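Chemist: below are the sequence and a predicted model; questions follow.
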Amino acid sequence: MPELILVVDDEPKVARLARDYLEKNGFRVLTAADGQAALAMARREKPDLIILDLMLPYIDGREVCRILRRESDVPIIMLTALSEEIDQVTGLEIGADDYITKPFSVRALVARVRALLRRTRGDVKSPGIVRAGGLEIDPDKYAAVFDGNPIKLTPNEFKLLYVLASRAGQTFTREQLLEDLHGAASSMDRSVDSHIKNIRKKLENASGNPMIETVYGIGYRFIDVDKK
């Protein structure tokens, strides 16, 4: 039986758009327009995944997420118009598994739903700790250290660094990196450059050496220190 997705959004146009596109891609879909209805529907229908808007009437999305997380391990994608990084981080810290900001691409939304369902079902092997020189990245702890000293990274910076460092020496295009960040390439293609710039600065402050190379006209590559 197709997976059941609960879409929670108080904007009828957004809920309808998400529902129609998910159904077109083979999912069963329920919708709720406020936090109370979302909790009742989640408890009654036991959806396989919930897409949860942050700004909801009666009970806001953050509180709904906290309650759901206490009651179940249902995968949650936070859907928010708030693009500030602190809002995204907060969403992840209170139990959401992923987030996507409005306005969003329905194609990217479906890709994120599929990717999260694959991870939840265990179709994707849990990644291991990556070590390169003095750098150590632990995906379970969401932590990166260099010679034991923590490196503060945003969620997107962490994802990019993990992808690059886990395949040191391999060149990634911007599109490939966007796929890893968002589940699908989007028009935000220059955001990768900004994230890489920040990661480089943080790595060089920690190690004193450059660790990511630009491959002109293509993308980026983590320097394979074992082959130097």
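Modeler: Okay, I see it. Numbers count the residues shown, from 1 in each chain.
Chemist: where along the chain do the strands fall?
Modeler: Along the chain, the segments classed as strands by DSSP state E run 4-8, 28-32, 49-53, 76-80, 98-101, 130-132, 135-138, 143-146, 149-150, 171-173, 212-215, 219-222.
Chemist: list the contacts of the spatially most central residue of the chain.
Modeler: Centrality entry for the chain: nearest residue to the mean C-alpha point is residue 98, 4.2 Å, by C-alpha atoms, centre = their mean. Going by C-beta atoms under 8 Å, 6 or more residues apart in numbering, residue 98 touches 75, 76, 77, 78, 92, 112, 116. (Glycine included, C-beta is placed from N, CA and C.)
Chemist: spatially nearest residue to it (excluding sequence neighbours)?
Modeler: Nearest residue to residue 98, sequence neighbours excluded (C-beta to C-beta, 6 or more residues apart in numbering): residue 77, at 4.8 Å.
Chemist: tell me how many other residues crowd the residue nearest to residue 18 when sequence neighbours are not counted.
Modeler: Computed as C-beta to C-beta, 6+ apart, the closest residue to residue 18 that is not its neighbour in sequence is residue 7, at 4.8 Å. Burial of residue 7 is recorded as 27 neighbouring residues (other C-beta atoms under 10 Å).
Chemist: surely residue 7 meets residue 21?
Modeler: No: if you go by C-beta atoms under 8 Å, residue 7 and residue 21 don't touch, sitting 10.2 Å apart.
Chemist: on that earlier part again, of the contacts of residue 98, which is the most crowded?
Modeler: Using other C-beta under 10 Å as the neighbour test, the contacts of residue 98 are led by residue 76, with 28 neighbours.
Chemist: mind checking how far that one is from residue 224?
Modeler: Taking C-beta to C-beta, to the nearest Å as the measure, residue 76 falls 37 Å from residue 224.
Chemist: give me the distance from stretch 134-149 to the chain's centre.
Modeler: 19 Å (C-alpha atoms, centre = their mean, to the nearest Å).
Chemist: can you check stretch 118-138 too?
Modeler: From the chain centre to the centre of stretch 118-138 is a distance of 15 Å (C-alpha atoms, centre = their mean).
Chemist: end-to-end on it?
Modeler: 21 Å (C-alpha to C-alpha, to the nearest Å).
Chemist: for residue 104, which non-adjacent residue is spatially closest?
Modeler: Closest residue to residue 104 apart from its sequence neighbours, by C-beta to C-beta, 6+ apart: residue 79 at 7.3 Å.
Chemist: just checking, that neighbour touches residue 50?
Modeler: No: taking contacts as C-beta under 8 Å, residue 79 lies outside contact range of residue 50: 9.8 Å.
Chemist: in the protein, what secondary structure element scores lowest on mean pLDDT?
Modeler: Lowest by mean pLDDT, DSSP states H and E among the helices and strands of the chain is helix 85-93, with a mean of 63.
Chemist: next, residue 139: phi, psi?
Modeler: phi -70, psi -30 (degrees, to the nearest 10).
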